[in-house]
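K.L.:
my questions are about this predicted structure, shown below with the sequence.
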Amino acid sequence: MNLPLDPTQNDASPQELIRSLPSQAARRRVLQAADISMDVDNRGFADALNELSQIQLRRAASQLQFAGARTVYYYLVDGLHQVSPEGATGRVGDVGSPGVYGSEVQTVTSEHDRIFVVCNVPDTGSQAQLTLTKEDRPTTVATFKPRTQLLAIRAPDGGTADATVQAFKSYFELDGATRVSFLDNGFRGRFEDACVDGYSTLRLRNTNAYDNTREIEVRSKEPESGSISDVRVDSIVEDLLRRGDTELDAATGLVSLPTDVRSIETGEPLHPRVTIGFADGSVTFEQFVPEQILIAFDDAVREAI
C-alpha cells in the first residue's frame, strides 16, 4: 500500500495501514507516537491489533496515513495565516480545481492541530500528462499550522511540489508562494542550532563559472561509537563554508526533535537521519517516520524563519 493516502480513493482499515508499514521499526515508531505498547515482533501481532480499541486504532492511523512521502518542501504562502481551520475544512462539495486531470485537491482534513490538504498531481507536475488517469498520478500532501504562513509539501520531487502549491493556492484563493531558502545564512544558523546534531556529509557547489571544479563533497571519518562525526568542526570545512565562491548544495546528518519516539536499541529519543537540499528548500527523511516527527520538524523550520 502506497503512503500517503488519498482517503477519497482508499478505505483501508487502520489495521491494514499498520500492517502495510515497510518495516518492524516503522511499526514501533508509529505505535510509540500513538502511545500504544505492543510487541511488533510477536507472531500474534495481527491478532493483537484487532484487540485494540477503535480510539487507539484511529490514533495510530493518524500517525501514518499522510506520512508516506519522506521528502518535504517548504514554502511561505501569502495570506495563509488568514485561513481559519473552519474555513479550510468546511468547504464540503468544493473540492477540486480546474483541468480534467491537472493538479487537484481531493480532500481537506484536520489532525494534530494541523490542516492536511490531500492532492492528486501529475508526475513531476507536468501538464503534458493530462491524459493519465487519477490512479496513475501521485498523492501529495500540503500541511500547515493554522494562523501561520509556512506550508509543508510532501511530494516526490520539486516539480510535483510546485504543482501541489498551485492547486493549494487555487483552492484557497491565495496568490504568492515562495520556496523557503535554506541557503540564507541567518535561517541556516537558527535552524542548525535548533535541531541539527551534525552532518556526516556535505556537498558544496562551486559558483565560480571559470573554475574546472563544479562540486566539492566532504565525508566524515567513521566514528567508533556509532554516533555522528560532525564535519562542520573541521577547519577545512569551515574555510569552504566561508568562501564567497562556494555554496551549500546538500548535507546528510542527524536531527534532534522533541518527540516521544525512541530508538529501540538505546531507548534514547530517535535522531532521524535526514538529507537537506539547501538549494531545493527540501528535507528528505532516510527512514519512515510517524506524523509526530514530521510535525516537530515543520515546527523547527517555522521557528527558525
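P.N.:
Everything's here; your move. Just so you know, these numbers come straight off a predicted model, no measurement behind them.

K.L.:
contacts only, for residue 207.
P.N.:
By Cβ atoms under 8 Å, 6 or more residues apart in numbering, residue 207 lies in contact with 245, 246, 247. In short, each C-beta sits where N, CA and C put it, glycine included.

K.L.:
which residues touch the last one?
P.N.:
Contact partners of residue 247, counting by Cβ under 8 Å, 6+ apart, are 183, 204, 205, 207, 278, 279.

K.L.:
run the last query once more with 7 Å
P.N.:
183, 204, 205, 207 (Cβ atoms under 7 Å, 6 or more residues apart in numbering).

K.L.:
the protein: strands as residue ranges?
P.N.:
For the chain, applying DSSP state E gives strands covering 71-77, 104-111, 114-120, 139-144, 150-154, 177-179, 196-206, 215-219, 246-255, 273-277, 282-285.

K.L.:
closest to residue 230 out of those strands?
P.N.:
Closest of the strands of the chain to residue 230 is strand 196-206, at 3.0 Å (criterion: Cβ to Cβ).

K.L.:
check what contacts the closest one and list those residues.
P.N.:
The contact list for strand 196-206, computed with Cβ under 7 Å, 6+ apart, reads 213-220, 228-232, 237, 240, 245-256, 271.

K.L.:
got the angle for it vs strand 273-277?
P.N.:
Interaxial angle of strand 196-206 relative to strand 273-277 (axes from the mean of the first three to the mean of the last three Cα atoms, to 10 degrees): 30 degrees.

K.L.:
could you dump the contacts of residue 207 into JSON lines and include distance to residue 286 and pLDDT?
P.N.:
Rendered in JSON lines, the data for the contacts of residue 207 read as follows (distance: Cβ to Cβ, whole Å; pLDDT from 0 to 100):
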{"residue": "245", "distance to residue 286": "30", "pLDDT": "89"}
{"residue": "246", "distance to residue 286": "25", "pLDDT": "90"}
{"residue": "247", "distance to residue 286": "23", "pLDDT": "90"}
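
K.L.:
now distance to residue 36 too, for these, in CSV please.
P.N.:
As requested, the contacts of residue 207 are arranged in CSV below (distance: Cβ to Cβ, whole Å):
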residue, distance to residue 36
245, 52
246, 47
247, 45
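
K.L.:
lowest-pLDDT helix or strand in the chain?
P.N.:
Across the helices and strands of the chain, the lowest-confidence element by mean pLDDT, DSSP states H and E is helix 85-89, at a mean of 82.

K.L.:
could you measure the closest residue to residue 270 other than its chain neighbours against residue 155, distance?
P.N.:
Distances taken as Cβ to Cβ, 6 or more residues apart in numbering place residue 261 nearest to residue 270, at 4.6 Å, with adjacent residues excluded. According to Cβ to Cβ, to the nearest Å, residue 261 stands 23 Å off from residue 155.

K.L.:
thank you kindly, that will do.
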